[in-house]
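Peer 1: Got a predicted model here, sequence first, then my questions.
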Amino acid sequence: MSTTPSTAAPSTPAAALVKTARLPARPPAIWAAFARQGAWKNWFLGLQFALNFMLVVAAIGFSRREPDVVLVDPDGKSTYVNRSIAGDALVRFLAEQRQQPSDVTVAHFTHAFLNTFLAINSTTIDAAWPEALSMMDAPLRDRISREATAQKLLETYRLARVRTDITVDELTLVERHGNVLHVRAVVTRRKESLDGAKSPTKDRLQVDLVERVVTRTPAEPDGLQIAEYRNTLLPD
């Protein structure tokens with residue numbers, strides 16, 4: 001008996017039926033575009049990070065920069081000096097003092113203010129008045145300016161034709177609390193007419209000042225501002 005060969009296809013392993021997808025030899029244009037866009041973003045982010053890092057370093061360096069130097073004469077007068085031309089001794093002195101004005105500086109600043117604010121001269125009032133205001137802090141300066149305008153103080157002084165000389169008889173640092181100082185002065189004030197039409201007059205004042213320590217600048221080399229002003233007329 002002959003057997004007929006089977007015509008069925010030979011069995012094929014299942015793995016051979018899975019088709020393997022092959023990538024094209026060159027990527028499509030859209031993938032190339034995405035790649036270029038990603039590379040540009042990476043470059044931009046890297047540049048942005050570098051700039052931010054430089055800004056942080058610069059800010060830290062600026063914050064650590066030492067302040068400039070202020071020279072104080074024996075009579076208390078202060079002179080602002082750029083740190084780049086200051087010597088090592090002055091730099092060490094500044095570090096030790098930490099910008100706190102000495103008693104000599106306080107006395108000099110107070111004398112300068114009293115002479116500018118109280119020693120009124122009708123011919124120089126227009127220059128002296130702004131200088132006196134500049135030695136005050138903003139709230140006191142605004143208050144004094146409003147009062148002077150309401151009372152027409154400058155016009156009155158101009159028309160009075162007088163000159164005032166003062167002598168600081170006593171100057172006392174009553175209290176120092178942190179950056180605030182209470183200073184008291186006793187002042188003799190002598191007024192006379194510029195044209196000699198009237199006899200000279202004299203009185204005495206007790207002046208109480210509140211002075212505040214501020215950052216030293218070329219405009220404020222003493223590092224002080226007048227924060228409050230009160231005076232009382234003393235008996236002869």
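Peer 2: Nice, thanks for sending it over. Numbering: from 1, shown residues only.
Peer 1: just checking, what packs against the helix or strand containing residue 131?
Peer 2: Per DSSP states H and E, residue 131 falls inside helix 125-134. If you count contacts as 3 or more C-beta pairs under 8 Å, 6 or more residues apart in numbering; DSSP states H and E, helix 125-134 packs onto helix 103-118, helix 138-151, helix 153-160. All C-beta atoms are positioned from the backbone trio N, CA, C, and that covers glycine.
Peer 1: rerun at 10 Å
Peer 2: Counting contacts by 3 or more C-beta pairs under 10 Å, 6 or more residues apart in numbering; DSSP states H and E, helix 125-134 is packed against helix 103-118, helix 138-151, helix 153-160, strand 224-234.
Peer 1: Check the gap between residue 102 and residue 223 for me.
Peer 2: Residue 102 is 10 Å from residue 223, where distance means C-beta to C-beta, to the nearest Å.
Peer 1: anything in contact with each of the two?
Peer 2: Residues touching both residue 102 and residue 223 (C-beta atoms under 10 Å, 6 or more residues apart in numbering): residue 78.
Peer 1: neighbour-wise, which of these two wins?
Peer 2: residue 223 (21 against 12; other C-beta atoms under 10 Å).
Peer 1: so what does the top strand by length along the chain touch, helix or strand wise?
Peer 2: With DSSP state E setting the assignment, residue counts place strand 162-177 as the longest strand in the chain. In terms of contacts (3+ C-beta pairs under 10 Å, 6+ apart), strand 162-177 is packed against helix 103-118, strand 180-193, strand 201-213.
Peer 1: Pull out the buried positions in it.
Peer 2: By neighbour count with 16 or more other C-beta atoms under 10 Å, strand 162-177 contains the buried residues 162-166, 168, 171, 176.
Peer 1: now those in JSON lines, with distance to residue 117 and pLDDT?
Peer 2: As requested, the buried residues of strand 162-177 are arranged in JSON lines below (distance: C-beta to C-beta, whole Å; pLDDT from 0 to 100):
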{"residue": "162", "distance to residue 117": "15", "pLDDT": "93"}
{"residue": "163", "distance to residue 117": "15", "pLDDT": "93"}
{"residue": "164", "distance to residue 117": "10", "pLDDT": "94"}
{"residue": "165", "distance to residue 117": "14", "pLDDT": "95"}
{"residue": "166", "distance to residue 117": "9", "pLDDT": "95"}
{"residue": "168", "distance to residue 117": "12", "pLDDT": "96"}
{"residue": "171", "distance to residue 117": "15", "pLDDT": "97"}
{"residue": "176", "distance to residue 117": "22", "pLDDT": "90"}
